[in-house]
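Undergrad: Sequence below, structure please.
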Amino acid sequence: MDWLRSATVFALEPSALAFLAADKFSEFMREESQLAMRIMERMSTVIRNASARIVELSTLGANNRIHAEILRLGLEKGVEKDGKIYITPVPVHNEIASRVSTARETVARAMNDLARKKIVTREVHIRAAAFGFRAQRGDTKSGREPSSAA
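TA: Residues are numbered from 1 along each chain as shown. Prediction:
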């Protein structure tokens, strides 16, 4: 089978890359069932996350997408200490804006609003102060704000 495929890769440092022809990849997957299962599990995760992002982009307003992204960053990269989640390094407004398809200024306003409500503080890192991320795990996909944050 000759499947159409494409990839774009940006190396952050000097790297060695390899190419595996489609027929050799198929053969390898048939012979290495454990690896094939791990690849399928990873692809399922990628598809699930992409689907959730598509739903967020098509159903949530900009502020809710920003809130969901901050929660997601806390769950993925945050470190819990004293009942708070610390995200280090501080996410740059431009990066958040590009991830949620909005303007940097919208992110700045949303972050300032969260800071006024004492939900986050910006120091050397972002600290989620008003609620624990574990209690909000189900809300990260819907983008709903926790009721205590209102």
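
Undergrad: pLDDT of the longest helix anywhere in the chain, averaged?
TA: When the chain is parsed with DSSP state H, its longest helix is helix 33-59. In this model, helix 33-59 carries a mean pLDDT of 93.

Undergrad: Show the secondary-structure elements that it is packed against.
TA: helix 22-31, helix 62-77, helix 139-142 (3 or more CB pairs under 8 Å, 6 or more residues apart in numbering; DSSP states H and E). Every C-beta, even on glycine, is put in place using the N, C-alpha and C of the backbone.

Undergrad: And those: which comes nearest I85?
TA: Among the helices and strands packed on helix 33-59, the nearest to I85 by CB to CB is helix 62-77 (4.3 Å).

Undergrad: Could I get the buried residue list for the closest one?
TA: By neighbour count on 16 or more other CB atoms under 10 Å, the buried set for helix 62-77 is 62-74.

Undergrad: List the neighbouring strands of the following helix or strand past that helix plus their orientation.
TA: Note on helix 62-77: by DSSP states H and E, the next helix or strand toward the C-terminus is strand 79-81. The strands beside strand 79-81 in its sheet (DSSP bridges) come out as strand 84-87 (antiparallel).

Undergrad: So what's the gap between the strand it pairs with and the chain middle?
TA: Between the centre of strand 84-87 and the centre of its chain there are 16 Å (CA atoms, centre = their mean, to the nearest Å).

Undergrad: Kindly export it (C-alpha atoms) in CSV.
TA: Extracted in CSV, the C-alpha atoms of strand 84-87 (Å, rounded to 0.1, in the frame of the first residue of the first chain):
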residue,chain,number,x,y,z
LYS,A,84,-1.7,25.1,44.9
ILE,A,85,-0.4,24.3,41.4
TYR,A,86,2.7,26.0,40.2
ILE,A,87,3.4,26.3,36.4
